[in-house]
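**Student:** Give me a 3D structure for the following:
(chains A, B, C and D)
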Number of protein chains: 2
Amino acid sequence: MEHEAKQVDSRTRLLNATLQIVRAKGYTATRIEDICAEAGVTKGSFFHHFKSKDELALAAVAHWDALTGGLFASAEYHRIEDPLERLLAYIDFRRELLQGELPDYTCFAGMITQEAYLTRPDLVAACERSITAHARTLEADIEAAIEQSGNRADWTAASVALHTQAVIQGAFILAKATGDTAIAADSIAHLRRYIELLFSPR
Amino acid sequence: MEHEAKQVDSRTRLLNATLQIVRAKGYTATRIEDICAEAGVTKGSFFHHFKSKDELALAAVAHWDALTGGLFASAEYHRIEDPLERLLAYIDFRRELLQGELPDYTCFAGMITQEAYLTRPDLVAACERSITAHARTLEADIEAAIEQSGNRADWTAASVALHTQAVIQGAFILAKATGDTAIAADSIAHLRRYIELLFSPR
DNA sequence: ATGATTATACCGACCAGTGGGTATGCTGTC
DNA sequence: GACAGCATACCCACTGGTCGGTATAATCAT
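**Tutor:** Just a heads-up that it's a prediction; the model follows:
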């Protein structure tokens, strides 16, 4: 049942299992033993690495942040010179990421946020940092695209950056509701069109 | 503690309490006794009206559907004649609904979908029907707006309708993450601008 | 080197609180 | 007196967390 080679250390296997299972079932519904089973580790080992389920969740957000941070930092779209084109390529990249089963491409931070925003403020704060930090990586390009287009904008780059994340999060929910990845892709296509229209001359 | 007058019958009070608490804490984390306490009703009464927590959830989705269905059906924006203007007024209306605490304006169906999409297919199916049915109420106007604008569209009215819902769902998540309603409003403002750009001549 | 000491990783039986669900009985109304 | 509506007491499966213990490996004194 283990989905990972044994060379990876238990702690990391537990974190990866957490990302997977929580995205599939939600945080509260995920039992510690589910995670242990997926990671191929015993409960004793779990509590050796994490004091509590909550501490695990916090560590998992950090893990998620590191994983996705790496993924986007090393992605191809950064090679493109033109800022608008680079932004559009980022969106295309997000669309291409919609592969495999839903729990594989869905956002861990978004999922946790939904469930925890009233009950676990520290956890939500961590998710918020992760999401907004990611959004912030787009701001420079948006700013440059505004500059380039010459259009005077009555909206900020930051607000557009956050909007891209909102669309992506919403796309995930629709995909879950309908069980259809294509619907998420459609929404991201609309997002792309919006960006194009926003920066097209006149 | 009761938030509702006693004249409303227990069953309805339980359903309303469910909408409230589930939107705040998520489905799994919501205990039946939480709902009973909020509704001012005992557990015995609860199980008189609902066979199980799952049955409650199903009934709550139906209740949600009825409530929101009524809210939108009787909303002002239908009075507007021009289809594009009516569509934009709908979006404005959605933005105006962002009042009060987060659990008051957040989407019950979206929340449930996130948590249940793998474990409770029937529940998700009910949510999906609710969301897509709502989206479908916009299609005619979008269709008419396409007609009117004369632009040939390489996207369908249905797809735009679903996109509006994706943006709104995503806006909720960002609002939860940041604890800031204004961010949700910003995203909906971007949605409005998208629709305007989409139908603006040339 | 070799043995003593200590830290790290791990195991799995067990405990205790929680929470979904049941059994049963009371009360008012038709 | 039958039945809807509601209350109380209770049951028990489940699950987060504990605890005593083992295996392995680094650290270090002699």
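
**Student:** My read is that residue A:27 contacts residue A:57, right?
**Tutor:** Yes. Counting by CB atoms under 8 Å, residue A:27 touches residue A:57, with 6.4 Å between them. Using the backbone N, CA and C atoms, a C-beta is placed for each residue, glycine as well.

**Student:** list residues touching both of the two?
**Tutor:** Shared contacts of residue A:27 and residue A:57, defined by CB atoms under 8 Å, 6 or more residues apart in numbering or on different chains, comprise A:112, A:116.

**Student:** Which one of these two is surrounded by more residues?
**Tutor:** Between residue A:27 and residue A:57, counting by other CB atoms under 10 Å in any protein chain shown, residue A:27 is the more crowded of the two (27 against 24).

**Student:** What sits closest to the more buried one if chain neighbours are left out?
**Tutor:** The shortest distance from residue A:27 to any non-neighbouring residue, by CB to CB, 6 or more residues apart in numbering or on different chains, is to residue A:115 (5.0 Å).

**Student:** so what's the one you found up against?
**Tutor:** A:26-28, B:25-26, B:28-29, B:114-115.

**Student:** check which helix or strand covers whichever residue of chain A sits closest to DNA strand C.
**Tutor:** Closest residue of chain A to DNA strand C, CB to the nearest atom of the strand: residue A:44 (2.1 Å). Element membership for residue A:44 (DSSP states H and E) is helix A:43-49.

**Student:** Tell me how many other residues surround the residue of chain A closest to DNA strand C.
**Tutor:** Neighbours of residue A:44 using other CB under 10 Å come to 8.

**Student:** which secondary structure elements does the helix holding residue A:44 contact?
**Tutor:** Helices and strands in packing contact with helix A:43-49 are listed as helix A:10-25, helix A:32-39; criterion 3 or more CB pairs under 8 Å, 6 or more residues apart in numbering or on different chains; DSSP states H and E.

**Student:** Residue B:135 is nearest to which of the ones you listed?
**Tutor:** helix A:10-25 (24.6 Å; CB to CB).

**Student:** is any part of the closest one close to DNA strand D?
**Tutor:** No. Applying CB under 7 Å from any atom of the strand, one finds helix A:10-25 separated from DNA strand D by no less than 10.4 Å.

**Student:** For that helix, give the mean pLDDT please.
**Tutor:** The average pLDDT for helix A:10-25 rounds to 92.

**Student:** Alpha carbons of it, as CSV, please.
**Tutor:** C-alpha atoms of helix A:10-25 as CSV (Å, rounded to 0.1, in the frame of the first residue of the first chain):
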residue,chain,number,x,y,z
SER,A,10,9.1,8.5,8.0
ARG,A,11,8.4,12.1,8.9
THR,A,12,8.3,13.1,5.2
ARG,A,13,6.2,10.1,4.4
LEU,A,14,3.8,11.2,7.1
LEU,A,15,3.6,14.7,5.7
ASN,A,16,3.1,13.6,2.1
ALA,A,17,0.4,11.2,3.3
THR,A,18,-1.3,14.0,5.1
LEU,A,19,-1.4,16.2,2.1
GLN,A,20,-2.9,13.4,0.1
ILE,A,21,-5.5,12.2,2.6
VAL,A,22,-6.6,15.6,3.9
ARG,A,23,-7.1,16.8,0.3
ALA,A,24,-9.3,13.8,-0.3
LYS,A,25,-11.4,13.7,2.9
